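I would like to see how this sequence folds:
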Amino acid sequence: MKDAGERPVAGNGGTVDALEPEGRGAGPGARGRRDPACRGGGLKASSQPPRRDGQREGAGMVLGFLAVLLFSVTLPATRYAVAYLDPALIGPGRGVGAALAAALLLPLSPSRGGRRWPGRQDVPGLLVVAAGTVVGFPLLSALALRELPATHGAVLVGLLPLATAGMATWRAGERPSPRFWLAALTGTGLVLAYALHLGAGSARGAGGVLLAAVLAAALGHAEGGRLARHLGGLAAIGWASLLSLPVTAWPVIQALREGVPGAPPAAWLALAYVSLVSQFAAFGLWYRAMATGGVARVSQVQLLQPFFTILLSALLLGEAVTASTIATALLVLAAVVAGRRAPIARTGKNEDRAAQARSRAERTVPLSKPLS
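Predicted coordinates:
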């Protein structure tokens with residue numbers, strides 16, 4: 001008989017988890033799950049992933065694709081806005097806008113498990129999301145895009161999926177298979193080759209700043225996807241935005257004290273988009289996608305973001321789109337599909353259940369006082 005903590009080998013994709021006892025709260029004598037094909041009565045892992053896991057991963061990939069479409073407008077909108085507005089209004093300002101949206105919508109959103117507030121154990125993770133996603137990436141990317149065109153910034157952000165998958169092994173308890181890493185490295189290599197083809201390394205200082213922004217965002221993505229498993233996507237980004245408000249509000253107030261810039265309405269519209277859509281709605285959808293389909297797996301959908309961004313840059317900013325762009329995008333899409341089929345093991349399942357158990361314990365209120 002296999003030990004209950006042994007991790008079986010996956011079949012054709014899917015998330016692999018350790019064998020567990022039947023039922024919740026089963027005792028030491030509880031039996032493990034039996035494979036229908038196992039006639040001898042022993043424990044055996046199924047050679048195929050459960051259908052429900054496959055459906056959840058598929059749903060996560062679809063949600064991730066929609067989120068990436070929303071993200072794709074971010075760099076062109078930021079590039080346009082920084083031509084008229086102070087980066088302090090665009091970087092920290094988008095965090096302020098997301099915090100205001102969260103303050104209005106979180107009280108109206110349905111509670112998860114009867115609670116609307118995160119537990120004490122969630123605060124460190126929310127601070128990581130705040131530092132990486134709400135403060136670090138918006139500010140650093142706004143500074144970098146003052147010197148880089150949106151197309152160059154887009155291909156450098158193509159490093160983000162690989163960095164997020166790496167962070168997922170640390171923060172989200174996921175263990176991608178070698179086949180997944182091969183697909184991820186192939187897709188990343190294609191994006192980097194395209195970046196060199198465009199000459200994206202010409203602005204070295206700005207490229208270094210954007211690389212730091214990518215690492216900050218990768219950490220925030222992995223942690224946000226982990227928290228969304230029990231908090232929900234909008235709650236994860238919403239509470240992180242509210243926690244970061246003391247940091248993000250100060251530079252915005254200082255910038256506004258110097259006077260409201262005389263920017264065209266389109267620049268303010270771009271700021272509204274990166275604040276309410278990119279920083280709040282799209283991240284809520286993105287975190288939910290990663291919580292549903294797995295952080296490492298869904299993160300690879302973002303390999304397509306540079307090409308979506310380039311197409312949108314052509315429509316919104318008049319930047320050129322070449323045949324090599326389309327060809328590279330198709331090759332990257334093939335790498336994403338290959339990564340979708342590769343198995344990924346999760347070791348953080350028990351920790352997630354423990355966090356949910358602590359949350360339920362904190363919500364429990366005695367119905368009556370014990371008799372003295």
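
going forward, measure contacts between C-alpha atoms and count neighbours the same way
Fine.

ok, V298 touching R288?
No - here V298 does not reach R288: they are 10.2 Å apart, not a contact under C-alpha atoms under 8 Å.

For those two, list the residues in contact with both.
Residues touching both V298 and R288 (C-alpha atoms under 8 Å, 6 or more residues apart in numbering) are G60.

Could you identify the helix or strand that succeeds the lowest-mean-pLDDT helix or strand in the chain?
Counting by mean pLDDT, DSSP states H and E, the chain has its least confident helix or strand at strand 15-16, which shows a mean of 42. Elements were assigned by DSSP states H and E; along the chain past strand 15-16, the next helix or strand is helix 51-71.

Report all helices and strands that that next one contacts.
helix 282-293, helix 295-299, helix 305-317 (3 or more C-alpha pairs under 8 Å, 6 or more residues apart in numbering; DSSP states H and E).

Need the residues that contact the longest one.
When contacts are defined by C-alpha under 8 Å, 6+ apart, helix 305-317 is touched by residues 68-69, 71-73, 75-76, 80, 150-151, 154-155, 157-158, 319-321, 325-326, 329.

Name the residues of that helix that are buried.
Counting neighbours by 16 or more other C-alpha atoms under 10 Å, one finds that the buried residues in helix 305-317 are Q305, P306, F307, F308, T309, I310, L311, L312, S313.

what's the angle from that helix to helix 51-71?
30 degrees (axes from the mean of the first three to the mean of the last three C-alpha atoms, to 10 degrees).

Turn the buried residues of helix 305-317 into TSV, including pLDDT.
Shown next, in TSV, are the buried residues of helix 305-317 (pLDDT from 0 to 100):
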residue	pLDDT
Q305	83
P306	77
F307	79
F308	83
T309	78
I310	77
L311	80
L312	78
S313	74
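
L256: which of the residues you listed is nearest?
S313 (28.9 Å; C-alpha to C-alpha).

Return the distance of the closest one relative to R171.
From S313 across to R171, the span is 33 Å (C-alpha to C-alpha, to the nearest Å).

re the thing from before, out of the helices and strands packed on helix 51-71, which gets the lowest mean score?
Averaging pLDDT over each of these singles out helix 305-317 as the lowest, with a mean of 77.

Good, wrapping up.
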